[in-house]
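>>> model this:
(chains A and B)
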Amino acid sequence: MQGIVKLNLFQFSTIYLLLFVVIAIMKKTGINQTKLLLIASFRMTVQLVLAGLILTYIFQNENPVFTAVYILIMIAFSIHRVLAKHPDLNNRFKAAIALSIAGAGIAVIFFFVGVVIQMDLLNPQYAIPISGMLIGNSMTGITLALNTFTHSLKVERNKIESLLNLGVAPSKILLPFVNQAIETALLPTMNSMLGMGIISLPGMMTGQILSGTLPLTAILYQIAIMIAICTTVCMTVFSSLYFGYKTLYTKKNQIIL
Amino acid sequence: MSVILTAQKVNFKNILYYPDIEINTGQCTFFSGKSGAGKSTLLKLFNGTLSPTEGTILYNGKSIEDMDTVALRREVLLVSQSLYLFDISISENFREYYAYRNLTMPEACEIQKYLSICCADFPLETLCSSMSGGERQRIYTAIYLSFMPRVLMLDEPTSALDRQTGFSFMENITSYCKKTGITLLIISHDTALTEQFAERKIIIMQRR
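Purely as a prediction, here's the structure:
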């Protein structure tokens, strides 16, 4: 094993040639998304270059405050992304989601870095990339859960109204929708665990191997991160919906959708 | 005759203003009025799924604001127009609804009795998903009736029924409720049915 080949700017820019293949296929099939592809590629490049520069600075000037601020900004962005997609939720529901993303994320990050890796909680080399993976996945999970939850509440409006009229407590009516949404949100993570190592070599492991880490060390990290992701997604989704759905009915047992 | 439900100076969202209403125990009261006059909203105010902006609703002389509204809805049962049946058989629908109320479902002959009152004499294993709108409406009403509430509120119960079936349905349900002492509130646009079966008529109008 040897360290990773450092890409010079010319080598790196050749990868953009592949985008012409995508554009050609889009033109051929009449998919009118060339502009989006170019904007997305451009934004990704700028955002990652900025992240690279900031991370270089943080790694060269190790200071727990920088790490903490970086993690908090990641959390704030992911909360913003989730809430922007569900503007109709009431404020208390939104607060439950924000606190769940932050609380579950920070708890699992600290457990991973402090207990499993046994490093300083705010060691940037570990805390930042692990936070990125955990928060990113919990953002996807909660978005999926909220989509499922709000969609089924809309579709099943008559059922909800009927049961309410029958004298069923709102919590009993709404809980099955909560459980179903949690299940839907967890399935992708569990499915990817099933196929891991056979169908896919996951990103973090690939990255570590590329940079010269022994595969056996890389898989330990990968297994650990998958379990951590599954736990973070589960905690975030459960706590968001469990505390969130209680904001959908009043003391007078009226459901506000 | 005692009064079971009262609406006093009720207004909903400063849009719907209601006259003072008293509903007598055991009586069959029909509500009529133009679309948008707030008839369905009034029934939802009676069972506490909506709250008045101003005014008071009394059930047996007590304000429903101070009551456990879940318990109230079990006594003042609303069969709304937005009906829901599970995509399973008739008897399984009874089982599902009873499970939500933590009750064991009634015997087959009991279920048949309620279906028959609602002019829905179908085999119990018939799948509800394959039924017409009018058939589903009658089964839905039969399920709710079987809970034997103190007050039964039907919102346009015959809207999807032909004249003959609508008439039989109304005849059966009014006489059953009379016999068992259930207070019946019915919203209907059908003047012939109203004339025939109403013991009392209330027209809901809004000041414009």
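>>> need the residues of chain B near chain A, please.
B:47-51, B:65, B:69-74, B:77-80, B:82-84, B:97, B:100-101, B:140, B:144, B:147 (C-beta under 8 Å from any C-beta of the partner chain). Bear in mind the C-beta positions are built from the backbone N, C-alpha and C, glycine included.
>>> Now, of those, which are buried?
B:47-50, B:69-70, B:72-74, B:77-80, B:83-84, B:97, B:100, B:140, B:144, B:147 (16 or more other C-beta atoms under 10 Å in any protein chain shown).
>>> List the residue ranges of chain A that fall below the pLDDT cut-off.
A:1-3 (pLDDT under 70).
>>> So what are the structural domains in it, by residue number?
Split into domains by automatic domain parsing, chain A comes to A:1-61, A:62-248.
>>> so where do the helices sit in the chain?
You didn't say which chain, so I picked chain A. Here chain A has its helices, by DSSP state H, at A:9-13, A:17-29, A:34-60, A:64-85, A:91-110, A:124-155, A:157-165, A:170-195, A:203-210, A:215-244.
>>> think we crossed wires, I meant chain B
Going by DSSP H, chain B shows helices at B:39-46, B:69-75, B:90-100, B:108-117, B:133-145, B:163-180, B:191-197.
>>> burial of residue 133, as a residue count?
By default, I'm working from chain A. 19 (other C-beta atoms under 10 Å in any protein chain shown).
>>> my question was about chain B
Other residues close to residue B:133 by other C-beta under 10 Å number 10.
>>> same thing with residue A:228?
With other C-beta under 10 Å as criterion, residue A:228 counts 19.
>>> was I right about it contacting residue A:108?
Yes. Residue A:228 is within contact range of residue A:108, at 5.4 Å (criterion: C-beta atoms under 8 Å).
>>> Pull up the overlap in contacts between the two.
residue A:134 (C-beta atoms under 8 Å, 6 or more residues apart in numbering or on different chains).
>>> thinking again about what came up before, out of the domains of chain A, which is closest to chain B?
domain A:62-248 (3.5 Å; C-beta to the nearest C-beta).
>>> ok, the closest one near chain B or not?
Yes. For domain A:62-248, a contact with chain B is found by C-beta under 8 Å from any C-beta, at A:156-159, A:161-169, A:172-173.
>>> Name only those of those residues that count as buried.
A:156, A:159, A:161, A:162, A:163, A:164, A:165, A:166, A:167, A:168, A:169, A:173.
>>> Residue B:133: which of the helices of chain A is closest?
helix A:157-165 (12.8 Å; C-beta to C-beta).
>>> Verify the stated contact: residue B:187 with residue B:39.
Yes. Between residue B:187 and residue B:39 there is a contact under C-beta under 8 Å: 4.7 Å.
>>> Spit out the residues that contact those two alike.
With C-beta under 8 Å, 6+ apart, residue B:187 and residue B:39 have common neighbours B:31, B:32, B:155.
>>> who wins for most neighbours among the residues you listed?
Neighbour max across the shared contacts of residue B:187 and residue B:39 (other C-beta under 10 Å) = residue B:31, 24 neighbours.
>>> That one contacts residue B:38, correct?
No. Applying C-beta under 8 Å as the test, residue B:31 and residue B:38 come out as separate, 9.8 Å apart.
>>> Can you work out which residues contact both of the two?
residue B:204.
>>> what's the neighbour count on the nearest residue to residue B:34 once chain neighbours are set aside?
Leaving aside its chain neighbours, residue B:34 sits nearest to residue B:205 (7.5 Å; criterion: C-beta to C-beta, 6 or more residues apart in numbering or on different chains). Using other C-beta under 10 Å, residue B:205 has 13 neighbouring residues.
>>> top strand in chain B by residue count?
strand B:3-12 (DSSP state E).
>>> Please list the outside residues in contact with that strand.
So strand B:3-12 is contacted by B:17-18, B:20-25, B:38, B:41-42, B:45-46, B:50, B:52-61, B:76, B:150-151, B:183, B:185 (C-beta under 8 Å, 6+ apart).
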